[in-house]
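> from the sequence below, what's the structure:
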Amino acid sequence: MIDAKVISLLKIYETGSFTKAAEQLALTQPAVSKHIRMLEEDLGVKLFSRSNNKLHITREGELVVKYAKRMVSLTQNLKEELINQKKQISALSVGITHTAESNASTEALANYATTHDNVKIKIFTETTENLCSMLKNYQLHLAIIESRINDPSLKSLVLDTDCLVLAVSPTNHLARLPAVTIEQIKHENLILRSSSSSTWNMFVSSLESQNKHIDEFNVLMEIDNIATIKDLIRRNFGVSILARSTCVDEYRKNKIALLPIENFSMVREVNLVYHKDFEYPEILQDIVKCYNATVNGLSKV
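Next up, the predicted model:
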């Protein structure tokens, strides 16, 4: 269904070359060039320019590519929907953050899939920013994100609330305390989430609200994989600021101690985010029910 001209445009954008695009599409270079000329005539804009013998996409071209990607995603979604209609299978593409990957979210989605016949779920793990972009481009149906999203094209339901705490080894000298201060944390080796994560941003924002800076702390490592961070904490290589929900299992098994930070309230929402065009409210309601049941089940363990 997608026009060959659009496919040529996206392939040129991907490869940065008319020649490479033609090779990968099994077309001649003149044919690919003709596709771009026709698109430019249809839209009345210049899509590419050359300087210093290099190909550059124009600002208008970037906008066209953005919508072309949406067209491809929508067409792919349509084909999958039609196939699923024949097979009576419902396929859901769900995005989660790295934090959500380590809390009740994945278990809730598994519960949803097992309690709904013929449901197939594809999970993609990405940053909050990338998940929102994928939702807006119709590459995802839903996303579970630990922050409030202010975008008119997206809607959300609050699943839960979570908070950031100090995670330490049970053998760490801080573990016996009921709470810690920021000054005490300054003397510890910190193993933090990457600076692109919402966990990092919330911690840094909380510091700045009290006229403190991340440079005052001994940040030993930045790691995006939460499982790796927890493993290093258990072995007492350092301490970390993590979402409480990601450490519940280790806390119950006394593998990690979780401590509140005095005078720091780092509470955030866990939201089920979806495009405003999403037309299946019953799916949203069922996932919320599965999430609540999962959280309640964990709280009884």
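> isn't F203 up against M266?
Yes: in this structure F203 lies within contact range of M266 using C-beta atoms under 8 Å: 6.8 Å. For every residue, glycine as well, the C-beta is placed using N, CA and C.
> any shared contact partners between the two?
164, 241 (C-beta atoms under 8 Å, 6 or more residues apart in numbering).
> which one's more surrounded, these two?
F203 (23 against 18; other C-beta atoms under 10 Å).
> tell me the SS of the nearest residue to the more buried one once chain neighbours are set aside?
Take F203 and drop its neighbours on the chain: the residue closest to it by C-beta to C-beta, 6 or more residues apart in numbering is I241, 4.8 Å away. Secondary structure, DSSP: H, G, I helix; E, B strand; the rest coil: I241 is strand.
> I241: neighbour count?
When counting by other C-beta under 10 Å, one arrives at 24 neighbours for I241.
> and for whatever helix or strand N292 lives in, what are the contacting residues?
Secondary structure from DSSP states H and E places N292 in helix 281-299. Contacts made with helix 281-299 from outside it, assessed by C-beta under 8 Å, 6+ apart, are listed as 92, 104-105, 107-109, 111-112, 115-116, 142, 157, 159-160, 248, 272, 274, 278.
> and stretch 42-51, by the same measure?
The contact list for stretch 42-51 (C-beta under 8 Å, 6+ apart) reads 9, 12, 36, 39-40, 55-58, 60-61, 64.
> what about that stretch, start to end distance?
End-to-end distance for stretch 42-51, by C-alpha to C-alpha, to the nearest Å: 24 Å.
> make a PyMOL selection of whichever of the contacts of helix 281-299 turn out to be buried.
One line in PyMOL is enough to select the buried members of those, burial here meaning 16 or more other C-beta atoms under 10 Å:
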select buried, resi 92+104+105+107+108+109+111+112+116+142+157+159+160+248+272+274+278
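> inside strands: which ones of the contacts of stretch 42-51?
Among those, DSSP state E puts 55-57 in strands.
> and P152, that's in a strand?
No: P152 sits outside any strand when classified using three-state DSSP, being coil.
> for the spatially closest residue to it that is not a sequence neighbour, which residues are in contact?
With sequence-adjacent residues excluded and distances taken as C-beta to C-beta, 6+ apart, P152 is closest to K276, at 7.7 Å. By C-beta under 8 Å, 6+ apart, the residues touching K276 are 152-155.
> show me where the stretch 201-301 of the chain has strands.
Residue ranges of the strands in the stretch 201-301 of the chain, as given by DSSP state E, counting those that start in this stretch, are 218-222, 240-243, 257-259, 267-275.
> return the most buried member of the ones you listed.
strand 240-243 (a mean of 26; mean count of other C-beta atoms under 10 Å).
> mean confidence for it?
Strand 240-243 carries an average pLDDT of 94.
> mind listing the strands that strand pairs with, and their directions?
Strand 240-243 has the following strand partners under DSSP bridges: strand 154-168 (antiparallel).
> for the first helix or strand past the strand it pairs with going along the chain, buried residues please.
Next helix or strand after strand 154-168 toward the C-terminus (DSSP H and E): helix 182-185. Neighbour counts over helix 182-185 (16+ other C-beta under 10 Å) mark 182, 184-185 as buried.
> again with stretch 149-167
149, 154-157, 159-160, 162-167.
> quick one: the helices in the protein, in order.
4-15, 18-25, 29-43, 59-87, 98-101, 104-115, 128-136, 182-185, 198-209, 226-234, 248-252, 281-299 (DSSP state H).
> so which of those helices is nearest E262?
Taking C-beta to C-beta, helix 182-185 is the member of the helices of the chain nearest to E262, at 7.6 Å.
> was I right to think A21 contacts I7?
No: at 9.2 Å, A21 does not count as touching I7 under the criterion of C-beta under 8 Å.
> the more surrounded of these two?
Shown here are A21 and I7; by other C-beta under 10 Å, A21 has more neighbours (24 against 17).
> so, low pLDDT: which residues of the stretch 1-150 of the chain?
Low-confidence segments of the stretch 1-150 of the chain (pLDDT under 70): 1, 83-89.
> I'd like the buried residues of stretch 149-167 written out as JSON lines, with distance to H213 added.
Converted to JSON lines, the buried residues of stretch 149-167 look like this (distance: C-beta to C-beta, whole Å):
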{"residue": "I149", "distance to H213": "27"}
{"residue": "L154", "distance to H213": "32"}
{"residue": "K155", "distance to H213": "36"}
{"residue": "S156", "distance to H213": "31"}
{"residue": "L157", "distance to H213": "35"}
{"residue": "L159", "distance to H213": "32"}
{"residue": "D160", "distance to H213": "30"}
{"residue": "D162", "distance to H213": "25"}
{"residue": "C163", "distance to H213": "22"}
{"residue": "L164", "distance to H213": "17"}
{"residue": "V165", "distance to H213": "21"}
{"residue": "L166", "distance to H213": "18"}
{"residue": "A167", "distance to H213": "22"}
